[in-house]
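Undergrad: Pasting the sequence and the predicted coordinates here, then a few questions.
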Amino acid sequence: MTTTSETAAEAPRKTLETAVRMEAVNKWYGAFQALKNVDLEVRSGERIVVCGPSGSGKSTLIRCINQLEAIQSGRIFVDGIELTAGGKNVDAIRREVGMVFQQFNLFPHMTVLENCTLAPMKVRGETRDAAEATARKYLARVHIPEQADKYPAQLSGGQQQRVAIARALCMNPKIMLFDEPTSALDPEMVKEVLDTMIDLADGGMTMLVVTHEMGFARRVADRVIFMDRGEIVEMAPPDRFFDDPQHERTRTFLGQIA
Amino acid sequence: MYDFNFAPVFASSDQLLRGAAVTLELSCEAMAIGLVISIGLAAAKTSKIAPLRWVVQAYIELIRNTPFLVQIFFIFFGLPSIGLRMSPDAAALLALVVNFCAYATEIIRAGIESIAVGQIEAGRALGLKPLQVFRYIILKPALRTVYPALTSQFIYLMLTSSVVSVISAGDLTAAGADVQSRTFASMEVYLVITVVYFLMSAGFSALFGAIERAAFRYPLSR
C-alpha cells in the first residue's frame, strides 16, 4: 500500500494535522466483508477521491467516518477523536463532518432555507436570525440565493445537490464527505455541482469524494484511491494514478470507465 | 303508507342538539388525544428497542381483536371493581381513545416506514439526535402519506362514538334513544339522527380537507 508521506512534499500548503485516520478497519454485512483491513490517513486540507467498481466498499469507507455504518474491528479517529460505536462522541464528530448524498436527501417538507437552518438551530443552538444569515451566505456561495424560499421538489437535481452542499456547510464542518454526488444527476447538471465542489476545494476544505468523475479527480484530488472488494488497491497522486497505475486491477478499471 | 310525524322529534330538538354537541366534543377530544398518543406509540413501534415494540404490538392485538362494546363495558363496569371508578363521559372518552389508538398507531407506523432511509441518514449526518430526526424530519411527511387513511379513522371514531350511548354518556345516539322511548316516533327520530351524523361526517371531512391544504402545502417531487 502506498504511504502518505510523498504527498506532503507535493502539497506544501497542507498542514500536518490529521483529519481522519483509519487503522485496520474491518466491516462485514453478514458474511460479506465490505472493508478489509483498511488503513487510511487524511490530513487537514487534503482532497481524496475514491473510485472503484460497484460493491467495492468505497461508499462504505466514507460512511464509516461519520458512523452511518458501524465497523466491526479497527479504529477510526476523526479530528483527533476516536469513534466508539454508539458512543457520545459520534454526535460530536457528526457536527464536524458534513455529508452530501447521491440522492440529495433534502427534506421535502422544508424550504431550502429551512433545510439549511434546521441543524444549526437544533444541534448548535443558533438563533433563527444567525442560522438564516449563515444559510443565505452559503446559498449565495453555491449560486442559488434566489431559491431560498422554494421547496426541494421545485428545484432541478443540480440545484438540489447544491442546496445539499450548502446545508452541510451551514454546520461549518471541518471535513466534507461526498457519496457519488453527481451519479443521480442528468448529464447537463453535473458540471454545476462539480464546479461548486471545486470552489470548495479551492477554499481549503478537507474532502473525501466518492466519484467516477475522473476529470474532477485529476483537477482537484491530492490523492486518488482505487478500491476493489473492500480493499484499498492503489493510492496515488492523480498524475501517477492515471498515467502510471501500478496495479492490474486499477488498469482494468480505468480502461472500463474511460 | 306510513304517515310521517316529525312534530315530537322537533319538540325534542334541544335535547338532540345537546346530544350532537356531546358527540362532537367527545369525538374531537378523542381525536386530539388519540393522535398524540398514536404518534408516540408508532414511534415506539418503529424504535430499535424490542420490548417497547412488543408491548405496543400486544396492546394493538388485544384491542383490534376484541369488540368495542366489550371494551367499554370493561372500562365502565369492570374497572370499578379494582377501584377505578369514572363518570360515563370519562369512561366513554377513555374507551374511544384506547380503541382509536390501536388502529391509528398502525396507520402512522406505515407512514413512518414509508420515509426513505436517506432522509434519516441525512438528519443523523447533520448531528440531529434520533428523537429530533423523528420530530423534525420523519413526522410530517409520514403523516402526509397516511393522512387519507388517518382521516377515515377519525370519521370512523366519530361514528363509533354512538356505541358509548350504552353507558348513557349523553351523546347523540343516547339522546335519540331517550326521545324515541318517550315519543315512540322511532322512524322519525332515527331518520333525523342519521341525517345529523351524516352532516357531522361531512363537516369533519371538509375540516380535514382544509387542514390538509394548510398543513401539507409543500410540493411532492415528480
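TA: Right, received. Where do you want to start?
Undergrad: Residues of the stretch 1-150 of chain A that sit close to chain B?
TA: Neighbours of chain B within the stretch 1-150 of chain A, by CB under 8 Å from any CB of the partner chain: A:66, A:68, A:91, A:94-95, A:97-99, A:101, A:103, A:105-110, A:118-119, A:122-123. The C-beta positions use only the backbone N, C-alpha and C, and glycine is treated the same way.
Undergrad: 6 Å instead, please
TA: A:66, A:68, A:91, A:94-95, A:99, A:101, A:103, A:105, A:107, A:109, A:119, A:122-123 (CB under 6 Å from any CB of the partner chain).
Undergrad: can you give me phi and psi for A:Asn22?
TA: Careful, residue A:22 is Met; it's not Asn. phi -120, psi 130 (degrees, to the nearest 10).
Undergrad: Contacts only, for it.
TA: A:Val38, A:Leu40, A:Ile76 (CB atoms under 6 Å, 6 or more residues apart in numbering or on different chains).
Undergrad: cool, B:Phe154 as well?
TA: B:Met31.
Undergrad: try 7 Å this time
TA: B:Phe154 is in contact with B:Met31, B:Phe204, B:Phe208, counting by CB atoms under 7 Å, 6 or more residues apart in numbering or on different chains.
Undergrad: Then B:Ile60?
TA: B:Ala102, B:Thr105, B:Glu106.
Undergrad: that older thread, among the contacts of A:Met22, who's most crowded?
TA: A:Val38 (25 neighbours; other CB atoms under 10 Å in any protein chain shown).
Undergrad: how many neighbours does residue 96 have?
TA: In the absence of a named chain, this looks at chain A. Neighbours around A:Glu96, by other CB under 10 Å: 17.
Undergrad: nope, chain B please
TA: Counted with other CB under 10 Å, residues neighbouring B:Leu96 total 27.
Undergrad: mind checking how far it is from chain A?
TA: 30 Å (CB to the nearest CB, to the nearest Å).
Undergrad: packing partners for the helix or strand harbouring that residue?
TA: Under the criterion of DSSP states H and E, B:Leu96 resides in helix B:88-113. Counting contacts by 3 or more CB pairs under 7 Å, 6 or more residues apart in numbering or on different chains; DSSP states H and E, helix B:88-113 is packed against helix B:13-45, helix B:50-64, helix B:68-73, helix B:139-160.
Undergrad: Check which helices and strands the third one sits against.
TA: So the one you mean is helix B:68-73. helix B:88-113.
Undergrad: got the contact list for the closest residue to B:Ala30 other than its chain neighbours?
TA: In this structure, B:Ala30 finds its nearest non-sequential neighbour in B:Leu96, 4.0 Å apart by CB to CB, 6 or more residues apart in numbering or on different chains. For B:Leu96, the contact set (CB under 7 Å, 6+ apart) comprises B:Leu26, B:Ala30, B:Leu157, B:Ser161.
Undergrad: hmm, 10 Å instead?
TA: Shown in contact with B:Leu96 (CB atoms under 10 Å, 6 or more residues apart in numbering or on different chains): B:26-27, B:29-31, B:33-34, B:68, B:71-72, B:157-158, B:160-161, B:163-164, B:169.
Undergrad: Tell me the spacing between it and B:Met158.
TA: Distance, B:Leu96 to B:Met158, by CB to CB, to the nearest Å: 9 Å.
Undergrad: One more: A:Ser156?
TA: 44 Å.
Undergrad: who's more crowded, these two?
TA: Taking neighbours as other CB under 10 Å, A:Ser156 and B:Met158 compare with B:Met158 leading, 22 against 14.
Undergrad: In space, what's closest to the more buried one - neighbours in sequence excluded?
TA: B:Ser27 (4.1 Å).
Undergrad: got it, and B:Thr46?
TA: In space, B:Thr46 is closest to B:Ile112, 4.9 Å off (CB to CB, 6+ apart).
Undergrad: Give the full set of residues in contact with residue 126.
TA: This is for chain A. Neighbour list for A:Glu126: A:Thr117, A:Ala119, A:Pro120, A:Glu132, A:Ala133, A:Thr134, A:Cys170, A:Met171 [criterion: CB under 10 Å, 6+ apart].
Undergrad: oops, I was thinking of chain B
TA: Listed by CB under 10 Å, 6+ apart, the contact partners of B:Leu126 are A:66, A:94-95, A:97-99, A:107, A:115, A:118-120, A:122-123, A:167-168, A:170-171, A:173, B:132-133, B:137.
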